[in-house]
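Q: here's my sequence, what's the structure:
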Amino acid sequence: MVHLLNLSVFSQSLKHMAKKKKYTIRKFINDVHLWLGLGSGIILFLVCLSGTFLTFEEEIKDLFAKELEVTPGTSKMTLAEISDSLSAEGTVVGITVPTKAAEPYEVRVKTSPKERRGTIYYTNPYTGEYQKTQASSLDGFFMFMFRLHRWLLLDSAIGRPIVGVATIFFLFISITGVVLWFPKKMKWKNFKPGFKVKFSANWKRINHDLHNTLGFYACIFLVLMTITGLCWSFEWYREGLSDVLGAQVFGNRGGGEPVEPVEVDTLNIKSMDAILDLAKAEFDYDGKIMISTSPEPTGPYSIRMYKEGAFSPVIADNLTIAADGQVLKKEIFRDKPANEQFASLIKPFHTGQVYGTFSKIIYFFACLIATSLPITGTIIWLNKMKKKNKKKRVA
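A: A predicted model of the protein is given here:
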């Protein structure tokens, strides 16, 4: 009888061990989610935290910047006159003409050959008064956050790939997190808890819900941030994405055909004001116009026009006009193929600028949630480890 009892206990132990050792696909996905999260948690926390601050960088800076006041007058200076008035500061390489009469022009000036993009001078088009972009006490803070976000404050050659690998981990963490969010049994009553945080529960349950529920709501935006953010980390990824899209990322405004050089009539060189009038005639709407000059005296002008009241403040139609007034190239954004549109909006999709303030608010909260996920996830893991250790001690 004793032998039979021992045999029964042994048999039950074998069944328990077999059941315990069963390794399911869901368990594998959970392990991938867990260990990738633990392995990259600190890096992702820093990258997401800095990204949260950078979301409203320009708006925060503007709050503390001294603006150049413009009172509309009877007549405006010509672009040539504005350019001449700033010639003492350097070489004018571009002018942005706003739609509102009480807004200053933004004149981009290369104050030295080493400058890549130039310095912006806000200019009153009625008086010629100008004001150089003001240095802000926040510039250092946001530069710190930028370097933390992109390179973890390390040398770019070292920090960039580290952030890139962590971003790849985050992509897998986000995808596996969504899979784990779905309950084992596909019934509505099992789905409902995943849509809300039960604040009336104990702190462990609240922490679990914050990780599970908030992560689910932010997931689509986090995936979009990761697949676009990798373009800055790895050249192979950027080129691969360009091949997949069939449009060059970060190249020629999303993959449009390059402008073929033409012979310019040097006896009929147009002024910048005449080029501006030609650009306005090409577009049938009002909006902000950015005119960029060429380093060559007879080189073409690049014009970008942003439609007033458009659903996206970053979408622009582009025009290339030769110095003698020939229209060399015209690109209407809505007429571009979807792949070229997406390729040209990689940066706005990553930063949340694509739909202006509305999308920035969404991205701010998504980044805030992403910052919290490594913390809540680690707490969940620690609680489970404590529970397992307690069971072992009891056994």
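
Q: least trustworthy helix or strand in the protein by mean pLDDT?
A: helix 252-255 (a mean of 50; mean pLDDT, DSSP states H and E).

Q: so what does the helix or strand just after it touch, helix or strand wise?
A: With elements assigned by DSSP states H and E, the helix or strand that comes after helix 252-255 is helix 272-282. Counting contacts by 3 or more CB pairs under 8 Å, 6 or more residues apart in numbering; DSSP states H and E, helix 272-282 packs against helix 79-85, strand 287-292, strand 301-307, strand 317-321, strand 327-331. All C-beta atoms are positioned from the backbone trio N, CA, C, and that covers glycine.

Q: buried stuff in the last one?
A: So that's strand 327-331. Lys329, Glu331 (16 or more other CB atoms under 10 Å).

Q: and the next helix or strand along the chain from it, how far out from the chain's middle?
A: Using DSSP H and E, the next helix or strand after strand 327-331 towards the C-terminus is helix 338-344. Taking CA atoms, centre = their mean, to the nearest Å, the mean C-alpha location of helix 338-344 is offset from the chain mean by 15 Å.

Q: what does stretch 292-311 give?
A: Here the centre of stretch 292-311 is set off from its chain's centre by 23 Å, with CA atoms, centre = their mean.

Q: quick one: buried residues of it?
A: Ser292, Thr293, Pro300, Tyr301, Ser302, Ile303, Arg304, Met305, Tyr306, Lys307.

Q: low pLDDT regions in the stretch 151-300 of the chain?
A: The model of the stretch 151-300 of the chain has pLDDT under 70 over residues 252-260.

Q: mind listing the helices for it?
A: 156-181, 188-191, 203-229, 235-245, 252-255, 272-282 (DSSP state H, counting those that start in this stretch).

Q: show me what the second one is packed against.
A: Helix 188-191 is packed against no helix or strand, with contacts defined by 3+ CB pairs under 8 Å, 6+ apart.

Q: which other residues reach it?
A: Applying CB atoms under 8 Å, 6 or more residues apart in numbering, the external contacts of helix 188-191 come out as Phe182, Pro183, Lys184.

Q: domains in the protein, by residue range?
A: Split into domains by automatic domain parsing, the chain comes to 25-60+142-246+357-394, 70-132, 257-335.

Q: who wins for proximity to Phe342 among the ones you listed?
A: Checking those against Phe342 by CB to CB gives domain 25-60+142-246+357-394 as the closest, at 6.3 Å.

Q: and the closest one, how far out from the chain middle?
A: Distance, centroid of domain 25-60+142-246+357-394 to centroid of chain: 16 Å (CA atoms, centre = their mean).

Q: please apply the same query to stretch 262-273.
A: 39 Å.

Q: tell me the buried residues in it?
A: Buried-residue list, stretch 262-273, by 16+ other CB under 10 Å: Val264, Lys270, Met272, Asp273.

Q: might you report the residue contacts of the residue lying closest to Asn124 once chain neighbours are set aside?
A: In space, and not counting its chain neighbours, Asn124 is closest to Val70: 5.1 Å by CB to CB, 6 or more residues apart in numbering. Going by CB under 8 Å, 6+ apart, Val70 touches Ala101, Ala102, Glu103, Pro104, Asn124, Pro125, Tyr126.

Q: show me which of those residues are buried.
A: Glu103, Pro104, Asn124, Pro125, Tyr126.

Q: thought the third one was touching Pro104?
A: Read it as Asn124. Yes. Asn124 lies in contact with Pro104 (CB atoms under 8 Å); the separation is 5.8 Å.

Q: helix or strand: which one has Lys388?
A: Here Lys388 is assigned to helix 357-394, by DSSP H and E.

Q: do Phe142 as well
A: helix 139-151.

Q: list the contacts of that helix.
A: By CB under 8 Å, 6+ apart, the residues outside helix 139-151 that reach it are 46-47, 50-51, 53-54, 57, 60-61, 153, 156, 158-160, 163, 232.

Q: which among the residues you listed end up buried?
A: 46-47, 50-51, 53-54, 57, 60-61, 159-160, 163, 232.

Q: so for the helix holding Phe142, what gets flagged as buried?
A: Buried residues in helix 139-151 (16+ other CB under 10 Å): Phe142, Met145, Leu148, His149, Arg150, Trp151.

Q: and the angle for that helix with helix 156-181?
A: Calculated by axes from the mean of the first three to the mean of the last three CA atoms, to 10 degrees, helix 139-151 forms an angle of 70 degrees with helix 156-181.

Q: between helix 139-151 and helix 203-229, how big is the angle?
A: Going by the same axes, to 10 degrees, helix 139-151 makes 90 degrees with helix 203-229.

Q: may I have helix 139-151 as CSV, with CA atoms only?
A: Extracted C-alpha coordinates of helix 139-151, given in CSV (Å, rounded to 0.1, in the frame of the first residue of the first chain):
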residue,chain,number,x,y,z
ASP,A,139,19.5,76.6,-25.6
GLY,A,140,22.0,74.8,-23.4
PHE,A,141,19.3,72.7,-21.8
PHE,A,142,17.7,71.6,-25.1
MET,A,143,21.1,70.9,-26.7
PHE,A,144,21.8,68.7,-23.7
MET,A,145,18.5,66.9,-24.3
PHE,A,146,19.2,66.6,-28.0
ARG,A,147,22.6,65.0,-27.4
LEU,A,148,21.1,62.7,-24.8
HIS,A,149,18.4,61.7,-27.2
ARG,A,150,20.6,61.0,-30.1
TRP,A,151,24.0,59.9,-28.6
